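J.: Sharing a model prediction with you, sequence too.
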Amino acid sequence: MKLLTVLLLIMLLFITACSETGITSDYIITDETEESNFTNLKGWDSYTLSPALDYIADESETSKTIEVLEDRLRSLGVRKAVRFDINDDGVIEMFFNLDHREMRDIENLDELVTDITKISELTFREGELCNDVSDYEKLPVVLTGADVKEAASTYDTLDNMFIVLLELNSQGAEVFSEVTERLAKTQGIISIWLDDVLITAPRVNHQITGGSAQITGGGENGFSKEEAIALVNKINSGALPYKLEADKIN
């Protein structure tokens, strides 16, 4: 009886100690651990995310940037393994718990950070540049990602390729209808860009009404499944408010 009592006391002390020190199955630290201690923990990788080109971001833009990054990471299945902080200089710091189970399928963290920190601004532009794509901003903007209500990927069984479907908001639908009606008369071109990368540049054969549009990959075989999903995630999360420079903290 005394032995059983001693064992129960030991178990109770162990459980109490675990709850006080924040031991969990998923984390090295708990949510209550001070963010300033992140860089002192083994098993964490961290990055600073600074505004590029000497841009000075205000508080609302910084908060929006963190919100977009969180959305992009959630779409990749990373929710609890990442933490954000803002240092005294107003620079965003991003911390990844490498020992968390959400990180098991991440093969190259540097590539992931590079991808999620792109502005990823979707634009539909009138016309196409054949020579110098660096001048793409000279093309008149028809739609932006802000005009998209929702994006989704699907497999087109007719053309045997993955495509991205867009549902436009009321303003976007009205503008798109007017522009495609005008361009259809001359089979004009609407080029679709993600930042400065041309995705595709289809000719407009008829007016497009109803607030729907689709994007097909520019290659012979169109998008891969992964490419279509990645594009959808970037469109749905929205564009970053400013360009970022990511540096790994040693």
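T.: Everything's here; your move.
J.: thought Gln171 was touching Asp147?
T.: Yes - taking contacts as Cβ atoms under 8 Å, Gln171 lies within contact range of Asp147: 6.3 Å. Just so you know, the C-beta spots here come from the backbone N, C-alpha and C atoms, and that holds for glycine as well.
J.: Which one's more surrounded, these two?
T.: Per other Cβ atoms under 10 Å, whichever of Gln171 and Asp147 has more neighbours is Asp147, with 23 against 12.
J.: Give the phi and psi angles for the more buried one, as a check.
T.: phi -90, psi 0 (degrees, to the nearest 10).
J.: Strands of this protein, start to end?
T.: 44-51, 82-86, 92-97, 122-126, 141-144, 148-156, 161-168, 190-194, 197-200, 212-216, 244-249 (DSSP state E).
J.: Ok, which of those strands comes nearest Ser237?
T.: strand 148-156 (9.9 Å; Cβ to Cβ).
J.: so who does the residue nearest to Leu53 when sequence neighbours are not counted touch?
T.: Nearest non-adjacent residue to Leu53, counting by Cβ to Cβ, 6 or more residues apart in numbering: Lys243, 6.6 Å away. By Cβ atoms under 8 Å, 6 or more residues apart in numbering, the residues touching Lys243 are Pro51, Ala52, Leu53, Tyr55, Ile119.
J.: what are the phi and psi values for Lys243?
T.: According to degrees, to the nearest 10, Lys243 has phi -70, psi 140.
J.: Kindly report the same for Ile119.
T.: phi -60, psi -40.
J.: I figured it was touching Leu240, is that so?
T.: Yes - contact criterion Cβ under 8 Å: Ile119 and Leu240 qualify, at 4.8 Å.
J.: of those two, who's got more company?
T.: Leu240 (22 against 16).
J.: confidence score at the more buried one?
T.: Here, the pLDDT recorded for Leu240 equals 92.
J.: Ok, Leu112 next?
T.: Looking at Leu112, the pLDDT reads 94.
J.: And the one 5 residues further on, by the same measure?
T.: Taken from the predicted model, the pLDDT recorded for Thr117 is 94.
J.: Next up, the contacts around the residue lying closest to it once chain neighbours are set aside.
T.: The shortest distance from Thr117 to any residue other than its chain neighbours is 4.5 Å, reached at Leu244 (Cβ to Cβ, 6+ apart). By Cβ under 8 Å, 6+ apart, the contact set of Leu244 is Leu49, Ser50, Pro51, Ala52, Thr65, Ile92, Thr117, Ile119.
J.: What distance do you get for Leu244 to Ala57?
T.: 10 Å (Cβ to Cβ, to the nearest Å).
J.: between these two, what contacts are shared?
T.: Pro51, Thr65.
J.: Find the centremost residue of this protein, please.
T.: The centroid of the chain falls nearest to Arg72 when counting by Cα atoms, centre = their mean (3.0 Å).
J.: Just the pLDDT at it, thanks.
T.: pLDDT, Arg72: 93.
J.: what's the answer for the one 3 residues further on, then?
T.: Reading off the confidence values, Ser75 has pLDDT 89.
J.: One more: Glu32?
T.: 39.
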